[in-house]
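1. This is the structure alone, sequence omitted:
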């Protein structure tokens, strides 16, 4: 049963292949929350029927061209803002909502370095199309496009701005090889940390947040507990 503490919406953000979709879905299931994917809404708007977890491998240039003037993103963001205002107990898998969404909203950034994200990109392909260097280039192209778009639209830099987030967690070191086994082990190690960090914010539990930061200093960069304090190393 969801208590009043567990009705605040949650917005995940992070660069391409940081693990947003995987951990947003897992957390939604664990909390009994609904899950909303900004990518799924975008693809529906564009009439693209390629599955969202694979579409960037095949149709990145086409989608970027459709988003070029900002009109599609403006509509997408309005839909996400309205969903955030009218729904409760929902996890959003998105880029911008953590910055532009109305309170109350738990805002999470997943930090993951370029090498780790390239490995995750390689493993996530259902059909082997790209090598590791090609995955790295695709990630860079997608992130650069989004960085420029959001800087123009909202004045925040996806690569550097972290002030808005309640939780900053890092999983760069948890998937050291580009294999299914390593990826699954990394997900299993990281998911409980994500859950514990978010629930400490939802329940305003500073003690739990501090214990988590002490136990997992590489993963926990910051947890800001409402009306109390910030813990972590940045």
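-> Yep, that arrived. Owing to the predicted nature of the structure, the values given are computational and were not obtained by experimental measurement. Residues are numbered from 1 along each chain as shown.

2. For the strand or helix carrying residue 110, list every residue counted as buried.
-> Assigned by DSSP states H and E, residue 110 belongs to strand 105-111. Within strand 105-111, the residues that count as buried by 16 or more other Cβ atoms under 10 Å are 105-111. Every C-beta, even on glycine, is put in place using the N, C-alpha and C of the backbone.

3. Kindly report the same for stretch 87-101.
-> 90-101.

4. so residue 152 makes contact with residue 70?
-> Yes: counting by Cβ atoms under 8 Å, residue 70 is a contact partner of residue 152 at 7.3 Å.

5. Tell me where this structure has helices.
-> 20-31, 38-46, 55-67, 71-86, 97-100, 114-124, 132-154, 180-202, 206-215 (DSSP state H).

6. Give the other helices and strands that the fifth one contacts.
-> Read that as helix 97-100. Counting contacts by 3 or more Cβ pairs under 8 Å, 6 or more residues apart in numbering; DSSP states H and E, helix 97-100 is packed against strand 9-14, helix 71-86, strand 105-111, helix 132-154.

7. can you do 6 Å?
-> strand 9-14 (3 or more Cβ pairs under 6 Å, 6 or more residues apart in numbering; DSSP states H and E).

8. With the first one instead?
-> Here helix 20-31 touches strand 9-14, strand 90-93, helix 180-202, going by 3+ Cβ pairs under 6 Å, 6+ apart.

9. buried stuff in it?
-> 20-24, 26-28, 31.

10. Quick one: work out the angle between it and strand 105-111.
-> If you take axes from the mean of the first three to the mean of the last three Cα atoms, to 10 degrees, helix 20-31 sits at 130 degrees to strand 105-111.

11. hmm, back to that, just give me the closest of the buried residues of stretch 87-101 to residue 205.
-> residue 91 (19.3 Å; Cβ to Cβ).

12. right, and the closest one touches residue 32 too?
-> No: Residue 91 lies out of contact with residue 32 (Cβ atoms under 6 Å); the separation is 10.5 Å.

13. low pLDDT regions in the chain?
-> Across the chain, the ranges flagged by pLDDT under 70 are 1-5, 51-53, 128, 227-229, 233-234.

14. and with 50 instead?
-> 1-4 (pLDDT under 50).

15. picking that back up, tabulate the buried residues of helix 20-31 in a markdown table, adding columns for distance to residue 221.
-> Shown next, in a markdown table, are the buried residues of helix 20-31 (distance: Cβ to Cβ, whole Å):
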| residue | distance to residue 221 |
| --- | --- |
| 20 | 16 |
| 21 | 21 |
| 22 | 19 |
| 23 | 15 |
| 24 | 18 |
| 26 | 20 |
| 27 | 18 |
| 28 | 23 |
| 31 | 22 |
